[in-house]
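Asks: Quick one, structure for this:
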Amino acid sequence: MTTNETSMINERSSHRLKFHLFMSSNDPHIPAMDSGLKSNFVDLPRGVYNKAAYAQDQMKRYLKTMAAGEELGFDGLMLMEQRAPGFMPNVMITSAALAERTSRVQIIAAGPVINSYQGPLQAAEAIATLDVVANGRLGVGFPLGIGTAYHATNANPSEARARFVEGLAFIDKALAEDEPFEWRGDYYHYPIVNLWPTPLHTPERWLPAAGSRETIELAARGKYTYMAILNPRASMIRNLNLFKEIAETEYGYTPEPQQSAAVVHIYVAETDEQARREAEPHLAWMNQSVMRSAFHDFFPPGYTSPESLRAMLSSGYRSKSPSEFSFDELVEEGMALVGSPKTVREALEKLVNDLGTGQIVVMADAGSMPEWMSTKSMTLFAREVMPYFRDAGGRPSWEVERPVGYTTQSEFGATRPPYPIDAETRIHGFGYVNVETAHIDALRVKLRDE
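Replies: Okay, here's the model as predicted:
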């Protein structure tokens, strides 16, 4: 692309984009859609093959490929909680492993699904701990959880949303408060909430959603980053416009572009023809195998309000089974951007201008791609597409601006404030001493008598 073309894209795209890498943890070796199984989410037996050794290999390759996203200059790495046919039922554990394999890039844990935890306190503790492990680089997505998940939890789907909303409010308070407090809600009662450890910062909060009005309203009210997941273009435009409208009319503010995000399948190859040949079977596999489930499994009774169901169906979301989408329809609807770097640049520019969003979550593997294929696409996208939607220099946000809470080990040692309370203990027959120095004779000073 020429300098003039780059300038034109930057002028038309009214805001700087952030790009986050997302790789599915789904396992491609599952029964085909005509196998007779009702769903690959609910009743897929783990014994369909030798899962243990294979899952270990899958996890190692997954973490290696995701960590490469930092070297390629993605702004963030997003991990999403997924049960069968995925292998990430607890995204906090996997995010911690990825945090140890990276140093600067943001880690976005799209989970926990609060209703699958014992309670929101356990989720808040995991978030605080992970933020410390990630050195202040954590972002957290709070999915309600797809309806199929409620066939495998103790949560009643008719109470799912009310529990979810209360759980979010609890987590926000627990992360912010330094003093113990009592929580007495409709679904959760904690006589004493006393969160340890203290997170390094308040993580960016995301709400991944399919398009229910309740979630859009919740995102606007709480100033969460609203993330539209793999919806047709018209549906995403409608949802993001509604998000902006609710924020302005009901809560008195205009969301910045980076308060919204869109998840899109993106595959880049040397030519348009090669990109289609390589990506088409994997996109078909995702829609036919992973997304296969009866409508009432995805939306069990009570899980979504009748009003939201009607709105989703009228907007095109789930108006037909994902398995019925052709490759051309996925591209036309903006759910998949596939082609040469030039083709993907142009398609992404149109999609972003239509949506007005400031963050793109790049689904880079369609769930079944071999490692070489997804790596090639990620590399071409990072080198030939991302820079044209960024400020001069094309650098990721974590190189331009230090993440909130981030410190190096040497900086921490030089700037850490003194502890407000000494680490003391009582030695019988001597008195109280400072634990940190008492093992050295010359420093064993009696602080006070027994």
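Asks: all contacts plus neighbour counts: C-alpha atoms, from now on.
Replies: Will do.
Asks: For the protein, which helix extends over the most residues?
Replies: helix 51-72 (DSSP state H).
Asks: What is it packed up against?
Replies: strand 18-22, strand 76-80, helix 91-101, helix 371-384 (3 or more Cα pairs under 8 Å, 6 or more residues apart in numbering; DSSP states H and E).
Asks: Can you say which of these is packed in most?
Replies: strand 76-80 (a mean of 27; mean count of other Cα atoms under 10 Å).
Asks: quick one: that strand to helix 91-101, angle?
Replies: 150 degrees (axes from the mean of the first three to the mean of the last three Cα atoms, to 10 degrees).
Asks: Could you spell out the sheet neighbours of strand 76-80, each with its direction?
Replies: If you go by DSSP bridges, strand 76-80 pairs up with strand 18-22 (parallel), strand 106-110 (parallel).
Asks: Save the ones you listed as a markdown table, and put in mean pLDDT too.
Replies: Converted to a markdown table, the strands paired with strand 76-80 look like this (pLDDT from 0 to 100):
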| stretch | mean pLDDT |
| --- | --- |
| strand 18-22 | 97 |
| strand 106-110 | 97 |
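Asks: Please identify which of these is closest to F430.
Replies: strand 106-110 (49.1 Å; Cα to Cα).
Asks: Helix or strand next in line after that closest one, which one?
Replies: As assigned by DSSP states H and E, the chain's next helix or strand after strand 106-110 is helix 120-133.
Asks: between that next one and helix 91-101, how big is the angle?
Replies: On the basis of the same axes, to 10 degrees, helix 120-133 is oriented at 10 degrees to helix 91-101.
Asks: quick one: contacts of the longest helix of the chain?
Replies: 21-23, 25, 76-77, 87, 97-98, 101-102, 104-105, 371, 375, 378-379, 382-383 (Cα atoms under 8 Å, 6 or more residues apart in numbering).
Asks: for the helices and strands packed on helix 51-72, which one sits closest to H428?
Replies: helix 91-101 (41.9 Å).
Asks: show me where the stretch 251-400 of the chain has strands.
Replies: In the stretch 251-400 of the chain, the strands defined using DSSP state E, counting those that start in this stretch lie at 260-268, 336-339, 359-363.
Asks: Make JSON lines from these and add mean neighbour count and distance to P322 to it.
Replies: Putting the strands of the stretch 251-400 of the chain into JSON lines (neighbours: other Cα atoms under 10 Å; distance: least, Cα to Cα, whole Å) gives the following:
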{"stretch": "strand 260-268", "mean neighbour count": "25", "distance to P322": "14"}
{"stretch": "strand 336-339", "mean neighbour count": "26", "distance to P322": "13"}
{"stretch": "strand 359-363", "mean neighbour count": "23", "distance to P322": "16"}
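Asks: With mean pLDDT and distance to M66 as extra columns, can I get these in TSV?
Replies: Output for the strands of the stretch 251-400 of the chain, formatted as TSV (pLDDT from 0 to 100; distance: least, Cα to Cα, whole Å):
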stretch	mean pLDDT	distance to M66
strand 260-268	97	15
strand 336-339	98	20
strand 359-363	97	11
